[in-house]
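Peer 1: sequence and predicted structure are below.
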Amino acid sequence: MDINTNKLTVGELLTDGKIYTVPLFQRSYSWEKEHITDFWEDLINLYEKKTSHYFIGSMVFTPHRNPKKIKILDGQQRFATLLLFLAALRDVLHEIKIKGSTDWIDEINRIIFFRDIVSRSKNPKLELNREDKSFFEKVIINGIISDKKYNSHKLITESYNFFKKNIREKIIMNNKFIEGSLDIITNRFLIIKIEADSDIDAHMIFETLNDRGLDLSVADLFKNYIFSIAGSSLDEIAQLWKEMVDSVGDHNITKFLRHYCNSKLGLVRKEELYKKLSREFKKSNVKALIEELNKESEIYSNLNNPTSEFWNDKDIEYKLEEMNILKAEQAYTLLLSAYVNLFESDKSYFKKILESLLYLTFRYSTICRLNPNDLERTYSKLAIKLRKGDINSKKTIKELKKLSPSKDTFIESFKKLEIKISKVSKYILLAINNHLMSTSGKREITTNIDNVNLEHIIPKNPDTEWKEFFTKNNTNYDQLIHKIGNMTILLKEYNNKLKNKFYDQKKEMYKKSVLPLNDKLNKYEEFSIKEVEERQTEMAQLAEILWRV
């Protein structure tokens, strides 16, 4: 990897004779009010304190086929914002017409765009992507706000207007702000300019950077790459990419690409994902692979947010919702392959694999909290074999069973269990309660997790009586609060006014409950370590059976 780094001022960057260009399909302008406010406050702090320099971050560049240009792969948001500030300052000077403003205006224009001597055309020193290029150019060159087609145009306009308003107020108070702010932008704002030989090298740099603002993601890089090799299929591929983003959501694209890669190409770390995908696309039919990605993005979306229109099976929907409660995203690697290989031909085995993954996640991750890397590695191996037809559904389930912690390991881990995520606690307690209800012959089974209230028997904020009780018994109640044995669920009988009260008062709630999980709570004389451990041991025995792979 060949990398050059230089420390320089923004003024040096803007007067080096180059046009910096954002790849056509890279992320649009994304800075919102909070980012612009931070930028402004940094500038004002520097202006008022009169400190020498301020580091605004690193920017990453790669060569462009046109020697007069350089591609900017990271730092475009800051770069664009710097030019918007300068354009806003220039246009305020146009409006208020103070002494010497013409000279300042000419100087700012020299900094932010090139003027062709012959044609008199003007070219900004930063070219944004395909969607923003023309809109941004009109703002930077002439301060013109044209029709806003995209959200990025709205953000550009808001940034420009924010700067105009605040700059005008500062100049009216003291016109020395003109010279001061220009000095800050051109001479005292520092950047680290990182030049890499290729986009792949640039991405490896991104993984080590923690810049302020909105960083370029693996998905941005990958999109740039496939669009650059799309050829005559560019418009169709761009549409397929948009549909994929719409399916999984912009914030989930990188995650989806990694799960897809793990499912088909082999386990890959996030920092190696771009390299792995770009190599695969380089040797394959780009359009066919994007079509496949698009198709699997719909599956992925419905693993993450199951819909009845897609699955048409309540049992699958419920199990996927439970997977989401347990944050079992690693399992999506195998579920993608299971869907592609099994769903249409043998839906029942897809459901069996889904159930096995749910129960394995619960035992392996939620309760025993074992090494997630081992699980991810196995999921990837099984997914690839299942796609290729090297393993059938029965063998897949058999391999999953091998990963499941033993009965003794599970029970011992459960007995020590503390949970601070309320939805996970409710999921466990509701499943145990429903089992008790079904075995007791009662018809009503509460299946909707949103209809139950989680109750800490020893409360998180105990009243004076609780504290005196535990002081008398020399007990640290903090160690009991998050034990699953200290929790239960209630329906309408839940009384928020009683949640911090002593046990003898809370029993009135438990007596009203129709849920069998609460039957024993009516019989305890007091509630402390002994009762918590007794309940937790009983739950562990039941849970080992209910979540057996």
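Peer 2: Great, that's in hand. Numbers count the residues shown, from 1 in each chain.
Peer 1: Lys460: neighbour count?
Peer 2: 11 (other C-beta atoms under 10 Å). In this view, the C-beta of every residue, glycine as well, is placed from N, C-alpha and C.
Peer 1: over to Val452?
Peer 2: By the measure other C-beta under 10 Å, the count of residues near Val452 is 20.
Peer 1: repeat for Leu334
Peer 2: Counted by other C-beta under 10 Å, the residues lying close to Leu334 total 27.
Peer 1: packing partners of the helix or strand hosting it?
Peer 2: For Leu334, the element it lies in under DSSP states H and E is helix 332-338. Where contact means 3 or more C-beta pairs under 8 Å, 6 or more residues apart in numbering; DSSP states H and E, helix 332-338 is packed against helix 253-264, helix 286-304, helix 347-361, helix 372-388, helix 393-403.
Peer 1: return the most buried member of those helices.
Peer 2: A comparison of the helices and strands packed on helix 332-338 by mean neighbour count, using mean count of other C-beta atoms under 10 Å, puts helix 253-264 on top with a mean of 23.
Peer 1: tell me the first helix or strand C-terminal of it.
Peer 2: Next element after helix 253-264 (DSSP H and E): helix 270-282.
Peer 1: sorry, back to before: Throw the helices and strands packed on helix 332-338 into a markdown table and include distance to Tyr427 and mean pLDDT, thanks.
Peer 2: Formatted as a markdown table, the helices and strands packed on helix 332-338 follow (distance: least, C-beta to C-beta, whole Å; pLDDT from 0 to 100):
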| stretch | distance to Tyr427 | mean pLDDT |
| --- | --- | --- |
| helix 253-264 | 23 | 94 |
| helix 286-304 | 17 | 94 |
| helix 347-361 | 11 | 96 |
| helix 372-388 | 19 | 95 |
| helix 393-403 | 20 | 95 |
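Peer 1: can you redo these as TSV, where the extra columns are distance to Asp147?
Peer 2: Formatted as TSV, the helices and strands packed on helix 332-338 follow (distance: least, C-beta to C-beta, whole Å):
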stretch	distance to Asp147
helix 253-264	28
helix 286-304	30
helix 347-361	48
helix 372-388	47
helix 393-403	54
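Peer 1: low-confidence ranges in the stretch 101-250 of the chain?
Peer 2: Scanning the stretch 101-250 of the chain for pLDDT under 70 picks out the ranges 118-119, 199-217.
Peer 1: which parts of it are strands?
Peer 2: When assigned using DSSP state E, counting those that start in this stretch, the strands of the stretch 101-250 of the chain occupy the ranges 113-115, 122-124, 126-127, 189-196.
Peer 1: for the residue of the chain most remote from its centre, give its distance to Asn175.
Peer 2: For the chain, the C-alpha farthest from the mean C-alpha position belongs to Lys99; by C-alpha atoms, centre = their mean, that distance is 50.2 Å. When C-beta to C-beta, to the nearest Å is applied, the distance between Lys99 and Asn175 equals 8 Å.
Peer 1: equivalent analysis for Phe310, please.
Peer 2: For Phe310 relative to Asn175 (C-beta to C-beta), the value is 62 Å.
Peer 1: paired strands for the longest strand anywhere in the chain, with orientation please.
Peer 2: Using DSSP state E, we find that the single longest strand of the chain is strand 54-63. Take DSSP bridges as the rule and strand 54-63 pairs in its sheet with strand 69-74 (antiparallel), strand 189-196 (parallel).
Peer 1: mind listing what Asp42 touches?
Peer 2: Neighbouring residues of Asp42 by C-beta atoms under 8 Å, 6 or more residues apart in numbering: 54, 56.
Peer 1: that's a helix at it, yeah?
Peer 2: Yes. Applying DSSP: H, G, I helix; E, B strand; the rest coil, one finds Asp42 inside a helix.
Peer 1: the chain should start at 4 in everything you say after this.
Peer 2: New numbering, starting at 4: the last item is Asp45.
Peer 1: what's around the nearest residue to Ile187 once chain neighbours are set aside, how many residues?
Peer 2: Spatially, and ignoring its direct neighbours in sequence, Ile187 is nearest to Leu49 (5.3 Å; C-beta to C-beta, 6 or more residues apart in numbering). Number of residues near Leu49 (other C-beta under 10 Å) recorded here: 20.
Peer 1: ok, Asn178 touching Ile101?
Peer 2: Yes. Between Asn178 and Ile101 there is a contact under C-beta atoms under 8 Å: 5.6 Å.
Peer 1: can you list contacts of the helix holding Leu337?
Peer 2: 262-263, 265-267, 299, 302-303, 306-307, 353, 356-357, 360, 379, 382-383, 385-387, 389-390, 396, 399.
Peer 1: if we can go back for a sec, and the residue nearest to Ile187, which of the three is it?
Peer 2: Put simply, Leu49 is helix when judged by three-state DSSP.
Peer 1: helices of the stretch 354-503 of the chain, start to end?
Peer 2: Along the stretch 354-503 of the chain, the segments classed as helices by DSSP state H, counting those that start in this stretch run 375-391, 396-406, 410-418, 425-442, 467-475.
Peer 1: save those as JSON lines, and put in distance to Asn344 too.
Peer 2: Listed next are the helices of the stretch 354-503 of the chain as JSON lines, based on distance: least, C-beta to C-beta, whole Å:
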{"stretch": "helix 375-391", "distance to Asn344": "5"}
{"stretch": "helix 396-406", "distance to Asn344": "8"}
{"stretch": "helix 410-418", "distance to Asn344": "30"}
{"stretch": "helix 425-442", "distance to Asn344": "29"}
{"stretch": "helix 467-475", "distance to Asn344": "55"}
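Peer 1: one step back: what about Asn178 and Ile101, which has more around it?
Peer 2: Between Asn178 and Ile101, Asn178 has the larger neighbour count (other C-beta under 10 Å), namely 16 against 12.
Peer 1: how about the helices in the stretch 104-253 of the chain?
Peer 2: 104-115, 136-145, 154-176, 179-186, 202-209, 221-231, 237-251.
Peer 1: and these as a markdown table, adding mean neighbour count and distance to Ser340?
Peer 2: Converted to a markdown table, the helices of the stretch 104-253 of the chain look like this (neighbours: other C-beta atoms under 10 Å; distance: least, C-beta to C-beta, whole Å):
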| stretch | mean neighbour count | distance to Ser340 |
| --- | --- | --- |
| helix 104-115 | 16 | 52 |
| helix 136-145 | 19 | 41 |
| helix 154-176 | 18 | 36 |
| helix 179-186 | 16 | 57 |
| helix 202-209 | 20 | 27 |
| helix 221-231 | 21 | 21 |
| helix 237-251 | 17 | 17 |
